[in-house]
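Asks: no FASTA, just this:
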């Protein structure tokens with residue numbers, strides 16, 4: 001049967017089959033709305049979607065979506081391996097691995113610098129066998145909230161406009177580009193429900209992007225992104241007090257991950273002291289253009305990432 005499998009680029013006629021396959025594989029989290037957001041957003045670079053077909057039917061596919069990064073004053077184009085699915089009857093036959101490998105040719109044609117991703121345990125080994133390398137394991141950390149803290153009146157809530165000025169970039173780290181266009185796509189237009197909160201003080205801004213979830217019956221807040229214009233200790237402390245007041249009666253804790261070897265990570269470490277050993281994300285990378293030297297791109301210390309970089313969170 002595997003000899004009859006054909007791997008080819010996604011076409012518009014494959015849309016309904018891909019959506020059905022995703023919905024069956026990830027019920028409740030993947031549907032037409034999430035498909036449209038990832039792959040059909042206006043103004044975004046085209047995604048890469050490769051399909052494996054048997055007798056004309058889509059039985060497996062993988063997708064990569066574009067992300068801009070900066071390092072040393074230069075911009076780099078990375079594509080994240082995101083939503084993928086394989087029909088249950090076709091798993092374990094090496095089909096998914098063949099789909100992944102075919103993407104290298106597309107990446108070279110488009111001038112993509114690297115692939116990256118945060119695979120689940122089922123697909124992890126297929127990526128590793130296809131040339132991806134594990135760079136870092138990001139373990140989640142917690143900030144416990146006081147349930148009886150008085151709530152305050154909040155000054156500013158809204159959307160992507162808060163990313164206009166609230167960005168500090170560390171030049172010697174591989175950092176995802178965050179601006180108004182990115183914020184609109186990632187948070188405002190996303191079918192998932194996010195809350196963007198800004199804390200402002202004396203012209204300084206801190207922007208928090210959070211998502212409230214119920215995890216094993218316990219309400220939590222996931223801190224997807226944290227951008228700021230000043231690392232002043234008192235300013236950051238008051239910004240977190242502001243967030244604590246916003247979520248103290250809505251969640252038991254705030255959860256996130258970050259690289260402790262960055263300016264942002266060192267700042268966050270003080271406010272997220274509890275590490276969760278069993279909950280983590282593994283960053284994998286495949287270098288394509290060699291624009292970033294291997295000593296840079298495969299060095300875990302060089303990545304400044306948070307959960308917002310995981311597109312399915």
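Replies: On my side now, so go ahead. Note that the coordinates shown come from a computational prediction; the quantities given were computed from them, not determined experimentally.

Asks: Does residue 199 touch residue 243 like I think?
Replies: Yes: under the criterion of Cβ atoms under 8 Å, residue 199 makes contact with residue 243 at 7.5 Å. For glycine as for every other residue, the C-beta is placed from the backbone atoms N, C-alpha and C.

Asks: which residues are common contacts for the two?
Replies: Both residue 199 and residue 243 are contacted by residue 208, under the criterion Cβ atoms under 8 Å, 6 or more residues apart in numbering.

Asks: In this structure, what residue spans correspond to helices?
Replies: All helices of the chain, identified by DSSP state H, fall at 15-25, 32-39, 95-110, 121-129, 180-183, 233-247, 263-271, 294-297.

Asks: where's the residue lying closest to residue 108 once chain neighbours are set aside relative to residue 48, distance?
Replies: Residue nearest to residue 108 in three dimensions, not counting chain neighbours: residue 288, with 6.6 Å by Cβ to Cβ, 6 or more residues apart in numbering. Distance of residue 288 to residue 48, given as Cβ to Cβ, to the nearest Å: 12 Å.

Asks: and for these two, which residues touch both?
Replies: When Cβ under 8 Å, 6+ apart defines a contact, the residues bordering residue 288 and residue 48 alike are residue 107.

Asks: How many residues are close by residue 194?
Replies: A count of neighbours around residue 194, defined by other Cβ atoms under 10 Å, yields 19.

Asks: That one reaches residue 210, doesn't it?
Replies: Yes: under the criterion of Cβ under 8 Å, residue 194 makes contact with residue 210 at 7.0 Å.

Asks: Now do the shared contacts for the two.
Replies: In contact with both residue 194 and residue 210: residue 224, using Cβ under 8 Å, 6+ apart.

Asks: quick one on the thing from earlier: of all the helices of the chain, which one is nearest residue 55?
Replies: helix 15-25 (12.3 Å; Cβ to Cβ).

Asks: For the closest one, buried residues please.
Replies: By neighbour count with 16 or more other Cβ atoms under 10 Å, helix 15-25 contains the buried residues 15, 17, 18, 19, 21, 22, 23.

Asks: now that helix: mean pLDDT?
Replies: In this model, helix 15-25 has a mean pLDDT of 92.

Asks: what angle do that helix and helix 32-39 make?
Replies: Taking axes from the mean of the first three to the mean of the last three Cα atoms, to 10 degrees, one finds helix 15-25 and helix 32-39 inclined to each other by 110 degrees.

Asks: Which elements pack onto helix 15-25?
Replies: helix 32-39, strand 57-71, strand 74-86 (3 or more Cβ pairs under 8 Å, 6 or more residues apart in numbering; DSSP states H and E).

Asks: Switch these over to a markdown table; also include mean neighbour count, distance to residue 293 and mean pLDDT.
Replies: Listed next are the helices and strands packed on helix 15-25 as a markdown table, based on neighbours: other Cβ atoms under 10 Å; distance: least, Cβ to Cβ, whole Å; pLDDT from 0 to 100:
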| stretch | mean neighbour count | distance to residue 293 | mean pLDDT |
| --- | --- | --- | --- |
| helix 32-39 | 17 | 30 | 94 |
| strand 57-71 | 21 | 10 | 95 |
| strand 74-86 | 20 | 12 | 93 |
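
Asks: Which one of these lies nearest to residue 263?
Replies: Closest approach to residue 263 among the helices and strands packed on helix 15-25 (Cβ to Cβ): strand 57-71, 14.3 Å.

Asks: ok so, going back, now distance to residue 69 too, for the helices of the chain, in a markdown table please.
Replies: As requested, these are exported to a markdown table (distance: least, Cβ to Cβ, whole Å):
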| stretch | distance to residue 69 |
| --- | --- |
| helix 15-25 | 27 |
| helix 32-39 | 19 |
| helix 95-110 | 15 |
| helix 121-129 | 19 |
| helix 180-183 | 11 |
| helix 233-247 | 24 |
| helix 263-271 | 15 |
| helix 294-297 | 10 |
